[in-house]
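Engineer: Build the 3D model from these lines:
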Amino acid sequence: MKPSILIVDDDDVMRETLSDVLKKAEYEVHSVGSGGETFSVLKKNVVDLILLDMRLPDMDGLEILKKIKEFDTEILVIIMTAYSDVQNAVSAMKSGAYHYINKPFDLEELRLLIEKGLETTSLINEVRRLHRQHNEENQKNEIYGNTPQIQYVKELIGMISKTNKTSVLIQGESGTGKELAANAVHFNSKRALKPLMKINCSAIPDSLLESELFGYEKGAFTDAKTTKKGLFELADGGTVFLDEIGDMKPFLQSKILRVIENQSFMRVGGEREIKVDVRIIAATNRDLEALVKEGFFRKDLYYRLKVMVVEMPCLREREEDILLLSNLFIEENNREYGKNINGLTEDAKKIMVQYSWPGNVRELKNVIERAMILADQTHITPKQLPFELRQSEGCFPKSMDLNRLEMVEIMPLETMEQIYLANVLKKLDKNKSKASKILGISRATLRAKIKKYHLSEN
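Structural biologist: Here you go, the predicted structure:
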């Protein structure tokens with residue numbers, strides 16, 4: 001869309017001359033000969049800049065300027081004035097005018113002043129857009145919860161965000177919100193208006209991952225027809241989020257270490273160092289310390305990454321937040337699907353709180369979305385919840401009155417665990433998926449315990 005300019009001047013020759021010049025410069029031009037006509041144009045048209053003569057037959061220039069600013073503070077106003085009125089022009093600047101120019105003036109000088117003014121407006125609007133986007137990102141990426149565990153995470157992220165280059169390691173089970181934490185660190189830091197580049201290290205083959213991270217030079221390999229920038233180069237000034245870094249192969253780990261230490265790297269097939277300014281945030285649901293001991297993860301990289309560690313708590317440790325998050329997701333889906341669901345019934349709430357949530361917040365969000373699609377009343381009822389949630393209701397309560405429990409006989413803890421696991425598997429017809437969800441452990445852990453206690457033979 002062409003920028004729109006309004007000329008306000010009672011000199012017919014001046015108006016016509018300026019109109020011709022500005023139209024040739026590809027501006028949309030309006031022109032009027034009095035102050036009163038100014039506002040009839042403004043009410044019918046979007047105007048970006050006004051060329052305002054200081055002396056008009058019906059109104060004083062300063063008076064018109066004041067009314068223009070009351071009408072729309074964003075419109076740029078350039079005052080056109082005779083040399084004798086310079087003092088008034090300075091007063092106009094104090095009242096909100098963008099600039100002034102003395103009559104008679106050089107048309108090229110005026111053209112340059114207009115270009116500069118509109119460029120300034122464009123930059124201001126872009127900064128405002130980025131600030132709006134920043135605020136929207138902050139709202140979208142806010143970490144919700146009232147439990148002490150999640151409050152501690154929020155406080156820790158607040159402290160980390162004040163640093164500029166400190167590496168961050170985010171650990172936690174799948175679905176706990178590790179990417180959300182990474183977003184919060186970036187968008188609350190001084191890097192917020194710079195790029196946040198993300199990559200899942202387990203989702204891309206090793207041969208491609210290197211090219212994605214570091215880019216490549218033309219001719220580096222058969223399909224390298226042109227030079228390509230990698231994530232680190234694209235993120236210059238911002239943040240790189242390496243999700244599932246525990247799955248990254250050692251030869252790439254050494255290159256990541258180099259970026260952290262020297263803030264430099266070489267593209268694939270390249271011969272020159274490329275300097276960047278990035279913060280690295282890594283996330284994993286694996287035990288990196290164990291991987292270091294097993295030789296699958298570099299010890300030096302591990303210690304470089306864990307300068308600041310954020311442990312995302314699993315949802316079963318945040319019982320008080322389950323219903324809070326459920327209500328937030330219900331509101332979100334009400335907007336998405338145009339529904340008016342008021343919440344969960346008491347029976348549904350009971351089921352939600354008793355479930356162990358092995359998939360954490362991601363699973364909770366999916367359960368609510370599914371229930372919202374199925375819901376045809378004012379509240380979500382148990383029948384809209386998945387079978388695995390309803391099945392666990394009352395079978396294995398998350399909390400028990402320990403004072404009412406009695407031991408028939410005292411036995412070693414391992415023996416008790418063996419007996420308990422055997423009973424759980426028997427009750428669930430040896431369904432390992434259901435057993436791992438109810439017990440709140442991974443299937444790998446359950447398999448290890450079954451093997452340890454020789455329960456698969458029973």
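Engineer: Against Met54, how distant is Glu63?
Structural biologist: Noted for Glu63: a distance of 11 Å to Met54, by C-beta to C-beta, to the nearest Å. C-beta here means a position set from N, CA and C on the backbone, and glycine is covered the same way.
Engineer: Between the two, point out the one with more neighbours.
Structural biologist: Between Glu63 and Met54, counted using other C-beta atoms under 10 Å, Met54 has the larger neighbour count: 24 against 13.
Engineer: Contacts only, for the closest residue to the more buried one other than its chain neighbours.
Structural biologist: Spatially, and ignoring its direct neighbours in sequence, Met54 is nearest to Gly61 (3.7 Å; C-beta to C-beta, 6 or more residues apart in numbering). By C-beta atoms under 8 Å, 6 or more residues apart in numbering, the residues touching Gly61 are Gly35, Leu52, Asp53, Met54, Arg55, Ile79, Thr81, Asn88, Ala92.
Engineer: Could you rerun that using 10 Å?
Structural biologist: Counting by C-beta atoms under 10 Å, 6 or more residues apart in numbering, Gly61 makes contact with 8, 35, 52-55, 77, 79-81, 85, 88-89, 91-92, 95, 97, 100.
Engineer: what do you get for Lys69?
Structural biologist: Listed by C-beta under 10 Å, 6+ apart, the contact set of Lys69 reads Ile75, Val77, Ser95, Gly96, Ala97.
Engineer: Just to be sure, the second one is in a helix?
Structural biologist: No: Val77 sits outside any helix when classified using DSSP: H, G, I helix; E, B strand; the rest coil, being strand.
Engineer: Report the beta-bridge partner residues of it.
Structural biologist: As for beta bridges, Val77 partners with Ile50 under DSSP bridges.
Engineer: sorry, back to before: roughly how far apart are the residue nearest to Met54 and Leu51?
Structural biologist: The spacing between Gly61 and Leu51, counted by C-beta to C-beta, is 11 Å.
Engineer: Can you pull the residues that touch both of these two?
Structural biologist: By C-beta under 10 Å, 6+ apart, Gly61 and Leu51 have these common neighbours: Val8, Val77, Ile79, Met80.
Engineer: Just name the closest of those to Leu123, please.
Structural biologist: Using C-beta to C-beta, Val77 is the member of the shared contacts of Gly61 and Leu51 that lies nearest Leu123, at 17.8 Å.
Engineer: okay, now that closest one: neighbour count?
Structural biologist: Look at Val77: counted by other C-beta under 10 Å, it has 24 neighbours.
Engineer: Surely it and Leu51 touch.
Structural biologist: Yes: between Val77 and Leu51 there is a contact at 8.2 Å, judged by C-beta atoms under 10 Å.
Engineer: Overlap in contacts, the two.
Structural biologist: Leu6, Val8.
Engineer: And Lys451, how far from Gln149?
Structural biologist: Per C-beta to C-beta, Lys451 is found 32 Å from Gln149.
Engineer: More neighbours: the two, which one.
Structural biologist: Neighbour totals were compared for Lys451 and Gln149, and Gln149 leads with 15 against 10 (other C-beta under 10 Å).
Engineer: Ignoring the adjacent residues along the chain, who's closest to that one?
Structural biologist: Leaving aside its chain neighbours, Gln149 sits nearest to Pro313 (4.0 Å; criterion: C-beta to C-beta, 6+ apart).
Engineer: cool, Thr381 as well?
Structural biologist: Sequence neighbours aside, Thr345 is the residue nearest to Thr381 in space, at 5.0 Å (criterion: C-beta to C-beta, 6+ apart).
Engineer: How about Pro57?
Structural biologist: Once flanking residues are discounted, Pro57 sits nearest to Asp10: 5.5 Å by C-beta to C-beta, 6+ apart.
Engineer: which among the contacts of Lys69 gets closest to Tyr337?
Structural biologist: Lowest distance from Tyr337 to these (C-beta to C-beta) belongs to Ile75, with 41.1 Å.
Engineer: Can you report phi and psi for Thr239?
Structural biologist: The phi/psi pair for Thr239 (degrees, to the nearest 10) reads phi -140, psi 140.
Engineer: can you tell me how far it sits from Leu51?
Structural biologist: To Leu51, Thr239 is 45 Å away according to C-beta to C-beta.
Engineer: Same check on Lys190?
Structural biologist: Taking C-beta to C-beta as the measure, Lys190 and Leu51 are separated by 39 Å.
Engineer: Also Glu109?
Structural biologist: 13 Å.
Engineer: cool, and Asp12?
Structural biologist: Distance, Asp12 to Leu51, by C-beta to C-beta: 15 Å.
Engineer: how is the protein carved up into domains?
Structural biologist: Per the record, the chain has its domains at 4-127, 143-311, 316-392, 407-457, by automatic domain parsing.
Engineer: And the helix or strand hosting Ser433, what does it pack against?
Structural biologist: Ser433 is part of helix 432-439 when elements are defined by DSSP states H and E. Contact here means 3 or more C-beta pairs under 10 Å, 6 or more residues apart in numbering; DSSP states H and E; on that basis helix 432-439 packs against helix 387-392, helix 413-427, helix 443-452.
Engineer: Which residues are in contact with the residue nearest to Gln149?
Structural biologist: 145, 147-150, 152-153, 172-173, 176-177, 321, 360.
Engineer: Helices - which of these land there?
Structural biologist: Those of the contacts of Pro313 mapping onto helices are Pro148, Gln149, Ile150, Tyr152, Val153, Asp321, Asn360, per DSSP state H.
Engineer: didn't Pro358 look like it was pressed against Leu315?
Structural biologist: Yes: using C-beta under 10 Å, Pro358 makes contact with Leu315 at a distance of 8.9 Å.
Engineer: Show me whatever sits in contact with both of those two.
Structural biologist: Glu173, Gly175.
Engineer: Between those two, which has more neighbouring residues?
Structural biologist: Neighbours were counted for Pro358 and for Leu315 using other C-beta under 10 Å; Leu315 has more, 25 against 22.
Engineer: And the more buried one, how close does it get to Ile373?
Structural biologist: The gap separating Leu315 from Ile373 is 22 Å, by C-beta to C-beta.
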